[in-house]
Structures are given as C-alpha cells and as structure tokens.
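>>> Coordinates for the following, if possible.
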Amino acid sequence: MSLYRIQTGGKEIILIGTAHISRASVELVEKTIRDESPDVVGVELDELRLQQLIHGKKWENTNVLELIRSGQAGLVLLNLFLANMQKQLGEQVGVAPGEEMKVAVEHAREKKIPVLLMDRSLQITMKRAMNSISLWEKIKLGGSLASGLFGGNETTTLDAKKIEELKETDLVTKLMEELSKQYPKLKKTLVDERDAYIAHSLIQCPGKKIVGVVGMGHVKGILAHIENHKAGAKDPMPSLQELNILPPTKSNKLMEWGIPIVFVGILIWLLLTQGAELSLQFIGFWVIGHGVLAGMGSLLGGAHWKTILGVVSTAWLAALHPLVAAGWIAAAIETKVNSPVMKDFTSLDKLHSVGDFRKNRVTQILLITVLTNLGSMAATILVIPYLITILG
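Have a look, this model is predicted:
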C-alpha cells in the first residue's frame, strides 16, 4: 500500500495505491477519507463495475448464443476465470475483492462527497484490447486460457506466507503483468492507457482536494502522467477523449473469404495437375482433420455426444463458410440438448475449481465454443504441411 500527495494546477491530489484483497487497504481508505475530508473521492471504476460492485453482477438475462456470435466467448471466460480466482483468494484473506473501492464510495456518499469514476468503460477497454492483437495472438490467448483452465490445480490454496504477500500486492495487476509478457500490446491497452485515463480524470476534476483510490500497479504510471502535466511536457499518451474512442472494427473479409477461395483454388489445381486420387486425399484430410480436431475440442469441453457428433460431421463445412464457425454450431447444439438453467447463471461468481467451470452449463458452453474453434483452426493450419507432404 502507498499514499502520495501531489500538488498540481492549484489542487491537491492524494493518491492511494491499494491491494484489491487487503484489509489494511480498506482501513487506509477509510482513514484517509475521514481525515482529509476531500472535495471529491475518485475510484478506479466505471459505471458498470460500480453497479456490479454495489449490487452484484446479474447474468440472468444474458443471451449466451448472442454473446458467442459476437466473438466474446473467450473474453468472458477469461474475465470469469480471473474474477473467481480473485474472489477465492479474497475469501482466504478475509476481504472481498474490491472492498476498498466499495468502502470509498460508501464513505463518500455518507459524507455527501461527490464520487468520481476515474476509469474508462470496461467495454471500451476490452474492445480496444482485442482490436490491438492479431488473429494469431488471439489464438494463443485462447490456448493460454485453455491451459489455465485445464492445466492447473483444482483449487487455489494459500499458505500463511502467501496470504500475507497478497495483502501487500495488487493481484489483478500482477496477473495483467504476467499476461503482458506474452502479449505486450495488451499491456498498453489494459494498463498503460488506463494509467493515462485515470491521470487525465484526476487533472480535469474540478475539486481542490481529491482522494483517488487505485490499484498499486497503476500508481507509477499515473504519477508519471501527472508529473508530465506539471512540467508542461507533452504527454506521450492520447487525451481523455481519444482514449474513449472505439477503434474501427477490423474487416475480416480476407480471412472469411480467403480460406474457401484458397481451398477451391488448391482443389482445382490438384485436379488439373495431380489427378483425382490426390484431390480426394486432400478433401478427405480436410473433412477428417476438421472433424477429429474440432470434435476433440468439443469433447475436452465436456460436450454431449450429440454435440460432438454434430461437430464432427459439420466442422469441415464450417471452416469453409465465411459466416459460420464450428464453435457456434457446437454451442447451438449443446444449448438445445442441455440448456443452462437459472442456477447456472446465479452461480457464475462461485466457480472455485476447474470442475466447476465444466459443470456450470453457461461456462461449459463457452468452453466448448472456444475449444471447438481452436481445434478447427488447428486443422486448417495443418492443411499446409500436409499438402507439402502429398506433393513431395
């Protein structure tokens, strides 16, 4: 934990760096707001996360298939995985994740102090993050997610030493830092841009004395931006308005139509130059390869046998169709065969193990979608070395 005082533009900013599952952080926030009586209390939240923190996340009206069609299955799974991990660790430490933010808001409201939501909209952040990485990096991210879900222990248990360490660190930022080692472009969007956004929010806030509550991992970046502003130096990050812009949706027309065009082109070339036998081998490899690998993905996700059969028989065609993915077919069949019930939606914040993710019907369908798509992509990639082999 840390507390910094900065004078800039005729105002005093008191920045509190907290650990998100720390009783000491909660107490420091309470004491600072009580002792300082600020004009404004700022928190590292947006409106959606504030409502979720105060009232809890409501999933009951979520349209799972629509969420999958929008390409957010992997992203939602990752968010649920991290949120449940943090909640589980918080239970061991004895503090609910984000309690210091909740306390800051409650104390401010009790004292009738305006609350400043300093962070950027989560939807904008995640859309900018996904837009910043390539298709290959998205595939790697899906593989990392699968590895995290299926390669770890069933539960996360901490000894007393680890619990004490967590009380003095920002878990979410540590996780983001680990992710950023493999995906540096994600760090720019998830951490660096948000540092700038929060700093701009504090600088532009009209209060004379402001208490800002943020995760410790953001403190260094925020202070750097404020110091640049004080010194009159040009800030290397975009303005608040620019950071709020949704990036234009990248066109996937080349990817959507490229695969079927290349497939047809190769098939015609084989027929004209190599004859029917090799052409049939190529078609067989495409059909069987996609069926087997996409089917294995569905199986690993815990799909019903009807779903697996449907995937095996249609994955080859879905890989050629520019508007359909094998994972979507798997999700549609699985939802029809074994639809989620209310209990699955209401227990999405109580997933403490890998087994829980596979038993919950909502997360299982998301897993099936992601793993089926990964299997289908792997089959498409393997076509190239196979083609070289049969022509060699």
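
>>> For residue 371, see how far away the residue located most distally from the centre of the chain is.
The centre of the chain is farthest from one residue, residue 275, which by C-alpha atoms, centre = their mean lies 47.7 Å away. The gap separating residue 275 from residue 371 is 37 Å, by C-beta to C-beta, to the nearest Å. For the C-beta atoms, the positions are set from N, CA and C on the backbone; glycine is no exception.

>>> Report the buried residues of stretch 15-34.
15-22, 25-26, 28-29, 32-33 (16 or more other C-beta atoms under 10 Å).

>>> and if you look at stretch 378-389?
Buried, per 16+ other C-beta under 10 Å, within stretch 378-389: 378-380, 383, 387.

>>> Ramachandran coordinates for the residue farthest from the centre of the chain?
phi 100, psi 180 (degrees, to the nearest 10).

>>> quick one: pLDDT of it?
On pLDDT, residue 275 comes in at 81.

>>> before we move on, the earlier item: which members of the buried residues of stretch 378-389 are positioned in helices?
378-380, 383, 387 (DSSP state H).

>>> what's the helix or strand hosting residue 126 packed up against?
Using DSSP states H and E, residue 126 sits in helix 122-132. Contact here means 3 or more C-beta pairs under 8 Å, 6 or more residues apart in numbering; DSSP states H and E; on that basis helix 122-132 packs against helix 47-55, helix 184-187, helix 193-204.

>>> Mind listing residues that contact the first one?
Around helix 47-55, the neighbours that count as contacts under C-beta atoms under 8 Å, 6 or more residues apart in numbering are 43, 45, 98, 101-102, 105, 117, 119, 121-123.

>>> Distance to residue 367 added to those, as TSV?
Listed next are the contacts of helix 47-55 as TSV, based on distance: C-beta to C-beta, whole Å:
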residue	distance to residue 367
43	33
45	29
98	26
101	30
102	31
105	34
117	33
119	29
121	27
122	22
123	23
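
>>> Among those, which lie within strands?
Under the assignment DSSP state E, the contacts of helix 47-55 contribute 43, 117 to strands.

>>> Excluding chain neighbours, give the residue nearest to residue 234 in space.
Using C-beta to C-beta, 6 or more residues apart in numbering and skipping the chain neighbours, the partner closest in space to residue 234 is residue 228 (7.5 Å).

>>> which of the buried residues of stretch 378-389 lies closest to residue 192?
Using C-beta to C-beta, residue 378 comes nearest to residue 192 of the buried residues of stretch 378-389, at 32.5 Å.

>>> That closest one against residue 293, yeah?
Yes. With contact defined as C-beta atoms under 8 Å, residue 378 counts as touching residue 293 (5.2 Å).

>>> circling back to that earlier point, and the helices and strands packed on helix 122-132, which is most packed in?
Among the helices and strands packed on helix 122-132, helix 193-204 has the highest mean neighbour count (mean count of other C-beta atoms under 10 Å), at a mean of 23.

>>> Out of the buried residues of stretch 15-34, list just those in strands.
15-18.

>>> So which of the helices and strands packed on helix 122-132 is nearest residue 358?
helix 47-55 (24.7 Å).

>>> Break down the stretch 101-250 of the chain into its strands, ranges please.
115-117, 209-215 (DSSP state E, counting those that start in this stretch).

>>> out of the ones you listed, deepest packed?
Of all the strands of the stretch 101-250 of the chain, strand 209-215 carries the top mean neighbour count, a mean of 25, counting by mean count of other C-beta under 10 Å.

>>> Who does it pair with, and is each partner parallel or antiparallel?
The pairing partners recorded for strand 209-215 under DSSP bridges are strand 11-18 (parallel), strand 40-43 (parallel).

>>> That one to helix 193-204, inter-axis angle?
170 degrees (axes from the mean of the first three to the mean of the last three C-alpha atoms, to 10 degrees).

>>> Render the CA-only coordinates of strand 209-215 in CSV, please.
Output in CSV follows, covering the C-alpha atoms of strand 209-215 (Å, rounded to 0.1, in the frame of the first residue of the first chain):
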residue,chain,number,x,y,z
LYS,A,209,-8.6,18.3,-2.8
ILE,A,210,-9.1,14.9,-4.4
VAL,A,211,-8.6,11.5,-2.9
GLY,A,212,-8.0,8.9,-5.6
VAL,A,213,-8.2,5.1,-4.9
VAL,A,214,-6.4,2.9,-7.4
GLY,A,215,-4.6,-0.5,-7.5
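
>>> any weak-confidence spans in the stretch 101-250 of the chain?
135, 138-180, 235-237, 247-250 (pLDDT under 70).

>>> one more time with 90
121-192, 206-207, 215-218, 220, 227-250 (pLDDT under 90).

>>> In it, what residue spans correspond to helices?
122-132, 135-150, 160-167, 171-182, 184-187, 193-204, 216-231, 240-243 (DSSP state H, counting those that start in this stretch).

>>> Which of the strands of the stretch 101-250 of the chain sits closest to residue 7?
Shortest distance between residue 7 and the strands of the stretch 101-250 of the chain, using C-beta to C-beta, is found for strand 209-215: 10.5 Å.
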